[in-house]
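Participant: From the sequence below, what's the structure:
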Amino acid sequence: MTAPHHTSASPAAPAPARTVRKAVVPAAGLGTRFLPATKATPKEMLPVVDKPAIQYVVEEAAAAGLDDVLMITGRHKRAIEDHFDHAFELEQALAAKGDTVRLDAVRDPARLANIHHIRQGEPLGLGHAVLCARRHVGDQPFAVLLGDDLIDPRETLLSRMLQVRDRHDGTVVALMEVPPEQIHLYGCAAVAPAAEEGVVRVTGLVEKPSRQDAPSTYAVIGRYVLDPAVFGILERIPPGRGGEIQLTDALQELAAGGTVHGVVFDGLRYDTGDKADYLRTVVRLACDRPDLGPEFLAWLKEFVATAEGDTADRHPLAA
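Facilitator: Sure, this is the predicted structure:
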């Protein structure tokens with residue numbers, strides 16, 4: 001009698017591993033637009049409600065599944081390293097008081113990801129800052145998140161960019177349409193249609209063009225998923241605009257090779273590199289907080305309704 005033949009079910013194929021695991025956060029700028037506040041405090045550590053701006057950026061990377069974050073810092077940036085480290089004396093004091101809410105808030109930055117720090121040495125531009133990450137990143141694709149651009153935590157821009165990278169390889173940049181009169185403030189992308197909704201092919205890039213010379217109104221904002229091929233280009237290109245090594249120049253070369261895609265973003269983005277936008281960011285995020293928003297928004301409405309005359313006359317210290 002022939003023994004029955006049993007066919008065992010094949011095990012489910014494992015989910016493909018994400019090809020991007022590392023994020024690079026350039027944080028070596030001098031923050032001159034916020035002097036004197038940034039004379040001794042890194043601009044990335046300026047508070048947005050009750051967290052420093054750079055923590056929002058690291059939280060965004062962690063939420064997208066990037067568990068290895070490299071900070072590119074400079075002199076006088078030790079506060080950034082300390083913020084993402086454990087503060088044992090403070091933690092012990094809070095634990096002794098039973099203050100678990102603040103204890104978690106203090107511990108959270110160090111638990112977000114494996115965070116590393118290297119120094120840029122000289123502020124030679126964003127391209128040079130990215131090049132400093134070469135040894136840490138190796139020959140793998142990686143994300144770059146600029147600290148001046150805060151993406152609302154409810155948005156999924158970075159995750160979408162990582163998905164596009166998984167499908168198309170190459171490099172992916174984040175794009176946002178801006179008014180023509182503002183395009184000179186950004187890197188600008190020349191684009192062509194792609195088959196996927198919300199995604200375009202980037203055929204060229206220009207750093208801060210005049211309105212007349214801009215190839216589009218698509219501005220490059222501070223999120224990139226870069227192919228490691230960018231390192232070889234950054235290593236050999238000469239300094240560009242402002243005498244700095246420009247990441248845009250390297251991306252232009254990659255775009256000419258047809259390997260750059262853009263994800264068009266129309267969600268909530270906050271620019272903390274400008275004083276007025278920084279203040280607007282604090283107000284908007286405070287209003288969105290369930291623990292602060294209702295009371296703060298009620299006060300804000302009353303303040304706006306009653307504000308009259310010259311603010312400087314009523315608040316001479318603001319002058």
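
Participant: tally of neighbours for the residue nearest to Gly198 when sequence neighbours are not counted?
Facilitator: Counting by CB to CB, 6 or more residues apart in numbering, Gly198 lies nearest to Val264, which is 5.2 Å off, once chain neighbours are set aside. For the C-beta atoms, the positions are set from N, CA and C on the backbone; glycine is no exception. Val264 is flanked by 16 other residues according to other CB atoms under 10 Å.

Participant: I'd like to know how many residues surround Val178.
Facilitator: A count of nearby residues for Val178, using other CB under 10 Å, gives 18.

Participant: Pretty sure it sits against Tyr186.
Facilitator: Yes - Val178 is within contact range of Tyr186, at 6.7 Å (criterion: CB atoms under 8 Å).

Participant: List phi and psi for the residue nearest to Gly198.
Facilitator: phi -80, psi 120 (degrees, to the nearest 10).

Participant: that older thread, show me the common contact partners of Val178 and Tyr186, please.
Facilitator: Ala219 (CB atoms under 8 Å, 6 or more residues apart in numbering).

Participant: Helix, strand, or coil at the residue nearest to Ile183 when sequence neighbours are not counted?
Facilitator: Nearest residue to Ile183, sequence neighbours excluded (CB to CB, 6+ apart): Ala214, at 4.5 Å. Here Ala214 is recorded as coil under DSSP: H, G, I helix; E, B strand; the rest coil.

Participant: What separation is there between Ala214 and Val178?
Facilitator: Note on Ala214: its distance to Val178, by CB to CB, to the nearest Å, is 10 Å.

Participant: average pLDDT across stretch 153-163?
Facilitator: Averaged over stretch 153-163, pLDDT sits at 94.

Participant: One more: stretch 263-272?
Facilitator: 92.

Participant: repeat for stretch 214-222
Facilitator: 93.

Participant: Could you tell me the end-to-end distance of it?
Facilitator: Counting by CA to CA, to the nearest Å, you get 19 Å between the two ends of stretch 214-222.

Participant: One more: stretch 201-220?
Facilitator: Criterion CA to CA; first-to-last residue distance in stretch 201-220 is 13 Å.

Participant: No further questions, thank you.
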